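Engineer: Predicted coordinates and the sequence they were generated for:
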Protein chains: 2
Amino acid sequence: MDERVREHARVLVDWSARVTAGDDVVVSVADGAHELAVAVARELGERGATVTTLYDSAEVTRGYLRGVAAGEVDVDDDQSVDRALYEAADVVLRLGGGRNTTATADVPRETRRAYATARQDVREARMAADWVSTVHPTRALAQQAGMSVEAYRDFVYDAVLCDWESLAEEMAQLKALFDAGERVRLVTERADAPNTDVEMRIDGRTAVNSAASVAYDSHNLPSGEVFTAPYATEGEAFFHVPMTIDATRVRDVHLVFEAGEVVDVTAAQGQSAVESVLETDPGARRLGELGVGMNRGIDRFTDSILFDEKMGDTVHLAVGRAYDACLPEGESGTESAVHVDMITDVSERSRLEVDGEVVQRDGTFRWEDGFEAA
Amino acid sequence: MDERVREHARVLVDWSARVTAGDDVVVSVADGAHELAVAVARELGERGATVTTLYDSAEVTRGYLRGVAAGEVDVDDDQSVDRALYEAADVVLRLGGGRNTTATADVPRETRRAYATARQDVREARMAADWVSTVHPTRALAQQAGMSVEAYRDFVYDAVLCDWESLAEEMAQLKALFDAGERVRLVTERADAPNTDVEMRIDGRTAVNSAASVAYDSHNLPSGEVFTAPYATEGEAFFHVPMTIDATRVRDVHLVFEAGEVVDVTAAQGQSAVESVLETDPGARRLGELGVGMNRGIDRFTDSILFDEKMGDTVHLAVGRAYDACLPEGESGTESAVHVDMITDVSERSRLEVDGEVVQRDGTFRWEDGFEAA
């Protein structure tokens, strides 16, 4: 076993999930993540945790959902077993990494949506535990990234095995600005793409310093972003970075917001996949997240949201569910069965403003060398 | 996909587990049983059941248990997540079929035992559901059986895809004899092996017509045996059929019983593995099962208890836990964290008696042509 698989397991269990003796841990294993599951189980055993492993195979899910469609049955929204197991869990570790990223491409979209909606309380129970998502570098993910598997492994481990404490310190500066601010405006004016000029409110919301640890309310490994839960969004936004939604390739999405809701959508490719997301439920038309990628260890887009949205010089907006960590105790933000991130390149001719003050211009933050205030 | 995989899934879901709409089904998937899991998920979706898939990988278990041993931690006997999930389940389908049958060979035996003991209430919660175990024909199992994978697939599907209704009718005759009887005696007198002459009480116990369906209190697919829960065992028994216990090869086991307990054990190979089983807890020294194999579709031993114990012309005894289905309501039989079956060949120079009457001689039952009463 590559020694980096063991290190990955240790970072996940210790830095990210903070597992201690007696914790009841659910490990969800994608069908290509076997090797990481073995390493994680080893660490959990050594720490005196209990472990329950779920098989998260896209092909099994496809089989199930095609059965649902063929049998014309309603998806049961009383998912008692999954709810019970997540409610009993202290920690949930999701090991992604399938063997075919388009394994569910031939599942009817409405069946997939119905399944996501039926499982909303399962999702909530899972997110009430200390959950962390990570990914094992499989051939399928390497292929999606357009890379050899060896180069892709280097890419993943460079992103995962970084100095999380230093990055957390830098990100704390942006979190402080967001926490004190009332409005964020994002502007891009590039010659090669439609403009973005979108403004949203963030007052009353708390930003998360997403340093890949539940201790920071951060649930992805790798991470490296600061995000909050915006509302009352107005304007238009263009997303330069291609993505995959429900196994459909999506490119050049443009959204128009009025009074906090998406009122118009276009895309050069995959427009109907975006429309289908927006039609899931009322919350799917509202923003759940504004995130600023600050991990400069991630040096390229790989068509994986776990990495892409963390890349330095990017900003992302997500339609759908807001994370509780950004909301005041007892208050709810956007509620939805979905959460879909879309990414804008802010490396050039762009600015991010908090209450009218520029905090990042052309990818450079105000605390960095070379920053131009105006 | 081999059409027989789909038929296997249908027999499992319909004949064996009797799944209906709204059932909450846990599917436990060994790491070589992916293809069967896909087919089973398809059938469950079509019938309107919910599905939760567990990853039952021997390599993950090995990683965990070696971590436990290295960390010198006690195995937590509060396995809340597993208990909660099985308690919420209506049906549990266990899809066996690993990729290496000796994957846990280097786990310290005491760690494995401690784990089994800590998980006794998980096991009980699982067995309170409508559970069925089956196996997908993997290369590892073919190798253990000394067969090519193609021949092994034929072997498995011949055993699984049989006429269960007819076999159930034949087995009902032996069940009737056991239910009415008070004592069973098993005798073998072969020139090439030590003799067996063991007597046990079965009065007050109910035999199971194990026809591979929960409707018959039968939990294995394939099946084809009649079994009950004996007690007050006296005498000695020799087991001609080799087996594997905790990844250790075991051959020619000889047990001596006094007042219901094993008081002496020898084996030509793997004796310490048997001794370790017997030392698990007090129940591990008592019989939990007397079973008579009646599936003549199984034509050879393959070192897999799921098949071997069902083969025609065999009788097996298990030390450890008795099945509730054999016990009067509210009464407990042998309680133990283990249940280990051992098999005797009764094809020649043997007889099985109920209350002094021979019901099977040299493999032929009294209702069959060629039976010799004396």
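Structural biologist: Now that the structure is in, tell me what you want to look at. Residues are numbered from 1 along each chain as shown, chains lettered A, B, ... in the order given.

Engineer: Tell me which stretches of the stretch 51-200 of chain A form strands.
Structural biologist: A:91-96, A:130-135, A:183-188, A:196-201 (DSSP state E, counting those that start in this stretch).

Engineer: wait, what's in contact with the closest residue to chain B within the stretch 251-374 of chain A?
Structural biologist: Of all residues in the stretch 251-374 of chain A, the one sitting closest to chain B is residue A:337 (16.5 Å; Cβ to the nearest Cβ). Bear in mind the C-beta positions are built from the backbone N, C-alpha and C, glycine included. Residues near residue A:337 by Cβ atoms under 8 Å, 6 or more residues apart in numbering or on different chains: A:113, A:116, A:117, A:119, A:120, A:123, A:280, A:281, A:283, A:284, A:320, A:321.

Engineer: which strand is the longest one in chain A?
Structural biologist: strand A:231-239 (DSSP state E).

Engineer: Only the buried residues of it, if you could.
Structural biologist: Applying a neighbour-count criterion of 16 or more other Cβ atoms under 10 Å in any protein chain shown, one finds A:231, A:232, A:233, A:235, A:236, A:237, A:238, A:239 buried in strand A:231-239.

Engineer: Can you verify my assumption that the last one contacts residue A:342?
Structural biologist: Yes: counting by Cβ atoms under 8 Å, residue A:342 is a contact partner of residue A:239 at 4.1 Å.

Engineer: So for these two, which residues contact both of them?
Structural biologist: With Cβ under 8 Å, 6+ apart, residue A:239 and residue A:342 have common neighbours A:253, A:255, A:317.

Engineer: Closest to residue A:373 out of the residues you listed?
Structural biologist: Nearest to residue A:373 among the shared contacts of residue A:239 and residue A:342: residue A:317, at 24.9 Å, using Cβ to Cβ.

Engineer: ok, now how distant is the residue in the stretch 51-200 of chain A that chain B sits nearest to from residue A:113?
Structural biologist: Closest approach between the stretch 51-200 of chain A and chain B, counting by Cβ to the nearest Cβ: residue A:67, at 2.5 Å. For residue A:67, the distance to residue A:113 (Cβ to Cβ, to the nearest Å) stands at 16 Å.

Engineer: and chain A, what are its domains?
Structural biologist: A:3-160, A:164-365 (automatic domain parsing).

Engineer: quick revisit: need the winner for burial among the strands of the stretch 51-200 of chain A.
Structural biologist: Counting by mean count of other Cβ atoms under 10 Å in any protein chain shown, strand A:91-96 has the highest mean neighbour count of those, with a mean of 24.

Engineer: So which residues make contact with that one?
Structural biologist: Contacts for strand A:91-96 (Cβ under 8 Å, 6+ apart): A:12-13, A:17, A:19, A:23-30, A:33, A:36-37, A:40, A:49, A:56, A:86, A:126, A:129-136, A:306.

Engineer: again, 7 Å this time
Structural biologist: Residues external to strand A:91-96 that are found in contact with it (Cβ atoms under 7 Å, 6 or more residues apart in numbering or on different chains): A:12, A:17, A:19, A:23, A:25-30, A:33, A:36-37, A:40, A:86, A:126, A:129-136.

Engineer: just the angle between it and strand A:130-135, please?
Structural biologist: 10 degrees (axes from the mean of the first three to the mean of the last three Cα atoms, to 10 degrees).

Engineer: Show me how far strand A:91-96 is from its chain's centre.
Structural biologist: 14 Å (Cα atoms, centre = their mean, to the nearest Å).

Engineer: what is the rounded mean pLDDT of it?
Structural biologist: Average pLDDT, strand A:91-96: 98.

Engineer: Over to stretch A:210-228?
Structural biologist: Here the average pLDDT along stretch A:210-228 is 95.

Engineer: what's the burial count for the residue lying closest to residue A:122 once chain neighbours are set aside?
Structural biologist: Spatial nearest neighbour of residue A:122, excluding adjacent residues (Cβ to Cβ, 6 or more residues apart in numbering or on different chains): residue A:82 at 4.4 Å. Residues lying near residue A:82 (other Cβ atoms under 10 Å in any protein chain shown) number 23.

Engineer: Residue A:21 too?
Structural biologist: 11.

Engineer: Angles on the backbone of it, please.
Structural biologist: phi -50, psi 140 (degrees, to the nearest 10).

Engineer: Could you list the buried residues of stretch A:322-335?
Structural biologist: For stretch A:322-335, by 16+ other Cβ under 10 Å, it's A:322, A:323, A:325, A:326, A:327, A:333, A:334, A:335.

Engineer: Taking those, tell me the two that lie furthest apart.
Structural biologist: A:325 and A:335, at 15.0 Å, using Cβ to Cβ across these.

Engineer: Report the separation between the two terminal residues of stretch A:156-172.
Structural biologist: 24 Å (Cα to Cα, to the nearest Å).

Engineer: how about residue A:230, what does it touch?
Structural biologist: A:184, A:200, A:201, A:202, A:287, A:290.

Engineer: What about the contacts of residue A:337, which one has the most neighbours?
Structural biologist: residue A:321 (25 neighbours).
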